[in-house]
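Participant: can't give you the sequence, but here's the structure:
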């Protein structure tokens with residue numbers, strides 16, 4: 001339906017590499033290069049500067065990129081309207097999400113959704129909050145699920161569900177029996193922290209700054225399983241939304257202790273889309289299913 005050259009061009013611009021773009025698109029590098037060359041010949045101007053580390057956009061390339069992103073979003077809108085004519089019999093939902101939502105939320109919702117709508121497929125990429133936002137902004141995702149999303153004029157906030165950070169630890173931890181803990185108390189133990197600039201790390205850093213607490217993590221990682229495994233060695237603590245360890249809490253493997261600092265209790269799990277993107281019907285229905293599950297979990301926590 002659309003000239004593959006624009007899609008290929010946008011992928012190369014995003015990656016800054018013909019090789020990486022070819023891997024994402026599952027095409028040969030030579031085929032991708034030919035499409036780029038054809039675009040350059042049609043426009044009469046180079047679109048990329050080639051160098052040893054990859055490629056970067058020329059001024060002409062930057063102009064074309066804005067046009068290409070608009071066109072690709074419009075094509076998605078047409079596809080979504082055609083999908084709507086088909087109802088929910090078939091289609092795909094493209095999602096970028098933070099890893100914290102993987103252990104419980106997404107598998108549960110997808111399983112129930114698939115029983116109701118077996119013709120709908122999911123393409124899910126797991127990444128940090130900043131890259132989730134970037135994927136939605138660049139049109140690579142129908143939906144982004146992130147933590148504490150910053151304001152962005154290109155993003156529409158579909159819903160926010162309150163998800164305070166808690167201090168997660170083993171049931172044998174010296175602080176496990178407390179009703180609440182302060183960040184200062186936690187700082188006396190080995191900390192497994194999220195990576196800098198991720199949503200949950202931003203919240204923890206703000207809470208520490210407001211309280212005058214200096215945390216020096218023993219471990220920093222974007223891997224939730226690694227951070228949770230760390231809790232079973234040497235009285236470790238990590239900071240994470242309760243939903244991320246729901247199964248482990250119910251099994252008695254871990255304990256979730258609320259954090260005293262107010263900032264840590266104001267964070268949210270956010271669902272975002274692009275402001276100009278008309279979502280496929282399947283994506284809209286899936287958003288409602290996720291919101292319902294999050295609200296149900298919040299009610300279970302309060303009970």
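Facilitator: Happy to help now that I have it. Because the structure is predicted, anything quoted here is derived from the model rather than measured.
Participant: Would you mind checking which helix or strand in this protein has the lowest mean pLDDT?
Facilitator: Lowest by mean pLDDT, DSSP states H and E among the helices and strands of the chain is helix 59-85, with a mean of 79.
Participant: Who are the packing partners of it?
Facilitator: Applying 3 or more CB pairs under 8 Å, 6 or more residues apart in numbering; DSSP states H and E, one finds that helix 59-85 makes contact with helix 4-15, helix 29-43, helix 281-302. Every C-beta, even on glycine, is put in place using the N, C-alpha and C of the backbone.
Participant: could you check the angle helix 281-302 makes with the helix or strand following that helix?
Facilitator: Counting by DSSP states H and E, the next helix or strand C-terminal to helix 59-85 is strand 91-97. Relative orientation of strand 91-97 and helix 281-302, computed by axes from the mean of the first three to the mean of the last three CA atoms, to 10 degrees: 50 degrees.
Participant: immediately after strand 91-97, which helix or strand?
Facilitator: Next along from strand 91-97, by DSSP H and E: helix 105-116.
Participant: Let me see the contact set for the nearest residue to residue 15 once chain neighbours are set aside.
Facilitator: Excluding the flanking residues, the one nearest residue 15 by CB to CB, 6 or more residues apart in numbering is residue 21, at 4.8 Å. Contacts of residue 21 were listed using CB atoms under 8 Å, 6 or more residues apart in numbering, and they are 8, 11, 12, 14, 15, 32.
Participant: Need the residues that contact stretch 53-67.
Facilitator: With CB under 8 Å, 6+ apart as the contact definition, stretch 53-67 has outside contacts at 9-10, 12-13, 15-18, 39, 43, 45-49.
Participant: centre of the chain versus it, how much separation?
Facilitator: On the basis of CA atoms, centre = their mean, to the nearest Å, stretch 53-67 sits 26 Å off its chain's mean C-alpha point.
Participant: Give the buried residues for that stretch.
Facilitator: 54, 55, 57, 60, 61, 64, 65 (16 or more other CB atoms under 10 Å).
Participant: quick check, nearest of the residues you listed to residue 99?
Facilitator: Distance to residue 99 across the buried residues of stretch 53-67 (CB to CB) is lowest for residue 54, with 27.2 Å.
Participant: For beta bridges, what are the partners of that closest one?
Facilitator: residue 51 (DSSP bridges).
Participant: Relative to residue 13, how far out is it?
Facilitator: 11 Å (CB to CB, to the nearest Å).
Participant: returning to that earlier point: what about the contacts of residue 21, which one has the most neighbours?
Facilitator: Counting neighbours by other CB atoms under 10 Å, residue 12 comes out on top of the contacts of residue 21 with 27 neighbours.
Participant: so what's it closest to, chain neighbours aside?
Facilitator: residue 21 (4.4 Å).
Participant: next one: residue 150
Facilitator: Counting by CB to CB, 6+ apart, the residue nearest residue 150 is residue 133, at 7.5 Å.
Participant: right, and the one you found touches residue 146 too?
Facilitator: Yes - the criterion here is CB atoms under 8 Å, and residue 133 meets it with residue 146 at 6.2 Å.
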